[in-house]
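**Student:** coordinates only, sequence not included:
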């Protein structure tokens, strides 16, 4: 009999794939907004230790299919508690439905959503989650820039920022705060590409714009997702970067 067959505690290295869900403590949460709505979400924490930092995620445009399970954010929650000791908070913005449920309210074009952003930050504060960063994707980047420059927030990581709703005053607010801003901009983005992004984010002197060769707005494919998650962890918990591509399995 082989050692592996004899010893149930022997582990192999398994590849981390698109559908991989690594160990974590997961709980359904509700967020309560200042304008009286209840939003539904999930908090994922490291399985056996306290988190060292927190991602408060803001999903893509609801009118174009964005929700808390948009794939990059779901994969962040499925992997980063285990791989990088991060807490990951995902939730549906107002009026958005996912398998977790439906958040109250209705889409408000980045206006009423300011209460949703505040509710996410407040939940992280209430739970005592450390070092909260905003992780926005597409529409979520506009929300982070418009409504997320909060004293409790460490910084913002922006995936495929279109700068559609956010304006000069929002960029100026982040510039004055001195908080770190990272924009990950796909080479083939549908809305804002790296060269133009560098020009527009020059309004925030501390902003770092990283162009990602070959990537598109939706970050399709495992290599694109791994690049995003590596860049996130490199800023939020540098000692855990780069991320491994395997995980011990029984």
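**Tutor:** Everything's here; your move. These numbers come from a predicted model, not from an experiment. Residues are numbered from 1 along each chain as shown.

**Student:** all helices for this structure, in order.
**Tutor:** For the chain, the helices defined by DSSP state H cover 3-6, 71-84, 113-126, 139-147, 168-177, 194-201, 222-236.

**Student:** buried deepest among the ones you listed, which one?
**Tutor:** helix 139-147 (a mean of 25; mean count of other CB atoms under 10 Å). Quick note: C-beta positions are derived from backbone N, CA and C, even for glycine.

**Student:** helices or strands up against it?
**Tutor:** With contacts defined as 3 or more CB pairs under 8 Å, 6 or more residues apart in numbering; DSSP states H and E, helix 139-147 has these neighbours: strand 53-58, helix 113-126, strand 132-137, strand 155-159, helix 168-177.

**Student:** give me the sheet partners of the shortest one and which way each runs.
**Tutor:** Think strand 155-159. According to DSSP bridges, strand 155-159 forms sheet pairs with strand 132-137 (parallel), strand 181-186 (parallel).

**Student:** pLDDT weak spots in the protein?
**Tutor:** Applying pLDDT under 70 to the chain picks out residues 1-12, 250.

**Student:** closest one to residue 89 among the helices and strands packed on helix 139-147?
**Tutor:** Shortest distance between residue 89 and the helices and strands packed on helix 139-147, using CB to CB, is found for strand 53-58: 5.1 Å.

**Student:** pull the residues that contact stretch 168-176.
**Tutor:** Under the contact criterion CB atoms under 8 Å, 6 or more residues apart in numbering, stretch 168-176 has outside partners 145, 146, 149, 156, 181, 200, 201, 203, 204, 205, 206, 207.

**Student:** is it possible to get CSV of those residues that adds distance to residue 48?
**Tutor:** Shown next, in CSV, are those (distance: CB to CB, whole Å):
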residue, distance to residue 48
145, 35
146, 37
149, 34
156, 29
181, 32
200, 43
201, 39
203, 43
204, 38
205, 40
206, 35
207, 36
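
**Student:** ok, so of those residues, who is nearest residue 95?
**Tutor:** residue 146 (17.9 Å).

**Student:** ok, residue 78 - contacts?
**Tutor:** Per CB under 8 Å, 6+ apart, neighbours of residue 78: 20, 21, 22, 24, 44.
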